[in-house]
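S.K.: Sequence first, then the predicted structure:
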Amino acid sequence: MRLISIFILATALFAQSPSTFETHLAAGQAAMAQSRYSEADAELHAAVAETATPDPNRSPARVVDTYSTLCDLDLMLGRFDEAITLAFKASAAVEEMGNQAKLAGQTPPELTPHLARLAGAYRFAGKTPLAVPVLQRMLSIDLAAAPDNPNISSDYDKIGSAYMELGQMEDSRIAYEKALNTRIGRLGPDHLDVATSWVNLGVLEVANTTLSAAQKDFESALAISEKQLGAESYALTGILDRLGELFSKEQRFSQAEPMFQRSLAIREKTLGPRHFDVAQALDDLGSVYYMDKKFAEAEPVFQRELQIWTATQGEASPLVAQALDNLGSVYAAQKRLTDAEVCFKKALAIREARDIDSLSNLAQIYESTGDLKRSDDYFQRAILIGDKGLGSDHPEVVTTMDEYAKMLHAAGRLVDAKKMEARLKDLKDRLNPQVTSSVAGVAMAASGATGGTGSLPAPVRKQ
């Protein structure tokens with residue numbers, strides 16, 4: 001009797017333990033939730049592989065979860081064709097589940113979220129013509145479910161956006177107007193969702209270069225938003241910016257300026273004076289001052305923008321280079337050519353330093369794969385750009401030369417490596433040792449302590 005009881009208990013415990021499929025799926029979903037995408041990718045692919053083996057205890061809904069989760073990851077990683085395949089499988093599986101449920105007199109699972117994912121995958125992949133019939137099917141399903149279904153307005157929005165991508169402006173307008181009318185009918189004319197519809201129509205009119213119509217749409221959205229949220233709500237800034245951009249396109253600068261000024265004031269009050277969103281608003285306002293030839297007003301605005309980008313993004317950020325270009329353009333317009341030259345040179349140095357980073361990182365990757373010829377090409381391009389743009393004693397250039405010397409040793413090109421080491425030694429005394437690599441590292445690489453064609457590249461520097 002005791003043996004029988006142990007056998008029954010063991011069987012029950014075995015039946016309760018999760019399957020290999022469930023283990024992989026749970027691990028993949030947990031990794032996704034924690035942004036550990038490489039781990040999620042491996043676990044979810046393993047779960048999909050398990051679905052090839054029939055299992056009567058496996059829930060079809062969990063299989064759909066696997067397809068959908070991996071589809072979302074593929075979209076994030078830019079694997080659009082794979083995402084389309086998985087979204088299609090998920091939709092087909094849900095349809096089959098729905099057919100079985102109807103035969104059993106049960107409520108079928110919801111199909112439209114999976115159709116939305118499939119349509120999105122098509123659009124991400126640049127296959128918008130294939131997305132349109134999927135979106136229209138979604139709309140048909142929601143219309144059949146209930147005429148006041150709130151999803152109907154969103155369906156029209158998605159269709160309108162897809163048509164706009166295809167350049168079918170009249171079809172897009174019809175869809176957006178239907179979204180607007182269904183929202184007004186369901187929610188009334190002053191609801192915030194109605195304001196969203198007005199914005200969508202305004203964006204369409206801007207794309208269609210019918211700017212007077214766009215202005216009316218944006219102003220309608222602004223009026224509703226002010227009524228519902230108040231005149232100082234942060235949600236107004238997007239509409240104010242769109243109106244400012246529209247007025248700028250038509251060179252109606254006296255109307256554009258108060259839009260950008262108001263947007264800036266709301267951002268400063270809501271976020272504080274040094275937030276990066278404030279810097280973007282300063283860029284918009286400074287640009288309209290510049291176009292209006294109000295250079296004295298533009299100068300302090302661009303100076304503030306430069307200060308914020310430098311503080312929040314770092315001195316090597318492309319946004320800092322952009323702000324320097326803006327400020328340099330104002331100085332040039334004021335005939336302050338020396339000040340303009342300083343700004344433009346600083347902006348150029350930032351951009352060329354980033355070119356060096358990209359070239360050097362590629363060189364290290366090719367070195368790690370054993371493609372030393374291509375690695376050599378990229379190292380030489382990086383050093384050439386650095387010499388001309390930054391100077392041969394710039395820390396970025398010296399670091400690249402150090403990495404190049406290691407590669408030359410790994411390739412057995414000892415004469416070339418010695419020449420590069422000689423250049424490094426000559427520069428060593430002129431550099432801050434805290435920001436350069438020690439030449440001693442080259443000797444270690446030559447002795448096999450570091451580097452080599454089988455080693456990993458140095459970590460990619462922050463861009």
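M.R.: Everything's here; your move.
S.K.: tell me what the host helix or strand of Ala30 is packed against?
M.R.: Assigned by DSSP states H and E, Ala30 belongs to helix 20-33. Applying 3 or more C-beta pairs under 8 Å, 6 or more residues apart in numbering; DSSP states H and E, one finds that helix 20-33 contacts helix 37-50, helix 60-76. In short, each C-beta sits where N, CA and C put it, glycine included.
S.K.: if you set the cut-off to 6 Å instead, what comes out?
M.R.: helix 37-50 (3 or more C-beta pairs under 6 Å, 6 or more residues apart in numbering; DSSP states H and E).
S.K.: Tell me which residues of the helix it packs on come out buried.
M.R.: Within helix 37-50, the residues scored as buried using 16 or more other C-beta atoms under 10 Å are 40-41, 43-44, 46-48, 50.
S.K.: hang on, the earlier thing: touching the helix holding Ala30 from outside, list them.
M.R.: 39-40, 43-44, 46-47, 50, 66, 69 (C-beta atoms under 6 Å, 6 or more residues apart in numbering).
S.K.: If we use 10 Å, what do you get?
M.R.: 17-19, 36-51, 53, 55, 57-59, 62-63, 65-66, 69-70, 72-73, 76 (C-beta atoms under 10 Å, 6 or more residues apart in numbering).
S.K.: With stretch 202-212 instead?
M.R.: Stretch 202-212 has contacts (C-beta under 10 Å, 6+ apart) with 160-161, 163-165, 167, 169-170, 172-173, 175-177, 213-222, 239, 242-243, 245-247, 249-250, 252.
S.K.: Return the members of those classed as buried.
M.R.: For these, a burial check counting by 16+ other C-beta under 10 Å picks out 160-161, 163-165, 169, 172-173, 175-177, 213-215, 217-218, 220-222, 239, 242-243, 245-247, 252.
S.K.: just the angle between the helix holding Ala30 and helix 37-50, please?
M.R.: 160 degrees (axes from the mean of the first three to the mean of the last three C-alpha atoms, to 10 degrees).
S.K.: returning to what we had before: could you tell me which of the contacts of stretch 202-212 are located in helices?
M.R.: Counting by DSSP state H, the part of the contacts of stretch 202-212 found in helices is 160-161, 163-165, 169-170, 172-173, 175-177, 213-222, 239, 242-243, 245-247, 249.
S.K.: Give me the distance between the nearest residue to Glu315 once chain neighbours are set aside and Leu324.
M.R.: Nearest residue to Glu315, sequence neighbours excluded (C-beta to C-beta, 6 or more residues apart in numbering): Ile350, at 7.7 Å. Between Ile350 and Leu324 the distance is 8 Å, computed by C-beta to C-beta, to the nearest Å.
S.K.: ditto for Cys343
M.R.: Using C-beta to C-beta, Cys343 is found at 5 Å from Leu324.
S.K.: Find residues that contact each of the two.
M.R.: Residues touching both Cys343 and Leu324 by C-beta under 10 Å, 6+ apart: 302, 306.
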